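A.B. asks: Let me see the structure of the following:
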Amino acid sequence: MTAFADSSALVKLYADEADAQVVRALPFFVVSAVARVEVPAAIWRKHRIGQLSAAHAGLLTRAFEADWHEPDGRFVPVALGSTLLNDAAALVATHGLRAYDGIQLACAVAARSADPDVDTLLCFDTDLNAAAASEGFSLAS
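C.D. replies: Predicted coordinates:
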């Protein structure tokens, strides 16, 4: 199984959340380039709402950034381009998704087109999971 992981799944690699073991059991992930911003934003949000200290949020963010920049690391990012954004716009219309969920799903579809083994979506968002299932993905959450 090669999994495409959205940002809700990637956060679980760093922050102790429910179902983190599901994510942490996998060695690598295909991801959207937008995760580069979404994951640190989610970690710092945990600090703003009092779930993490600033020091802990900084530590988790640095760990994510180290993984992100590691050559041959655990993330294989799908780049954003005009074709992908057009596909995302169509997916938000079809499935009623939020903007970045549409981008995540468009990246997953593009990854599957490039490599049919990318057939599983790892996500912890009900709407995105439903849309991914409609697009023929297996769900791993």
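A.B. asks: which of the residues in stretch 76-94 are buried?
C.D. replies: 77, 78, 80, 84, 87, 88, 91, 92 (16 or more other CB atoms under 10 Å). For every residue, glycine as well, the C-beta is placed using N, CA and C.
A.B. asks: can you check stretch 111-121 too?
C.D. replies: 111, 112, 118, 119, 120, 121.
A.B. asks: In three-state terms, label the fifth one for me.
C.D. replies: If I follow you right, that is residue 120. Following DSSP: H, G, I helix; E, B strand; the rest coil, we place residue 120 in the strand state.
A.B. asks: confidence score at it?
C.D. replies: Looking at residue 120, its pLDDT stands at 96.
A.B. asks: Which residue ranges of the chain form helices?
C.D. replies: 7-10, 20-24, 35-48, 54-69, 82-95, 99-114, 126-134 (DSSP state H).
A.B. asks: Next, format the ones you listed as JSON lines and append mean pLDDT and distance to residue 1.
C.D. replies: Below are the helices of the chain laid out as JSON lines (pLDDT from 0 to 100; distance: least, CB to CB, whole Å):
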{"stretch": "helix 7-10", "mean pLDDT": "97", "distance to residue 1": "14"}
{"stretch": "helix 20-24", "mean pLDDT": "95", "distance to residue 1": "12"}
{"stretch": "helix 35-48", "mean pLDDT": "98", "distance to residue 1": "19"}
{"stretch": "helix 54-69", "mean pLDDT": "97", "distance to residue 1": "20"}
{"stretch": "helix 82-95", "mean pLDDT": "98", "distance to residue 1": "23"}
{"stretch": "helix 99-114", "mean pLDDT": "98", "distance to residue 1": "12"}
{"stretch": "helix 126-134", "mean pLDDT": "97", "distance to residue 1": "14"}
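A.B. asks: now the buried residues of stretch 76-94 in CSV, with distance to residue 56?
C.D. replies: Listed next are the buried residues of stretch 76-94 as CSV, based on distance: CB to CB, whole Å:
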residue, distance to residue 56
77, 25
78, 29
80, 30
84, 34
87, 37
88, 33
91, 35
92, 34
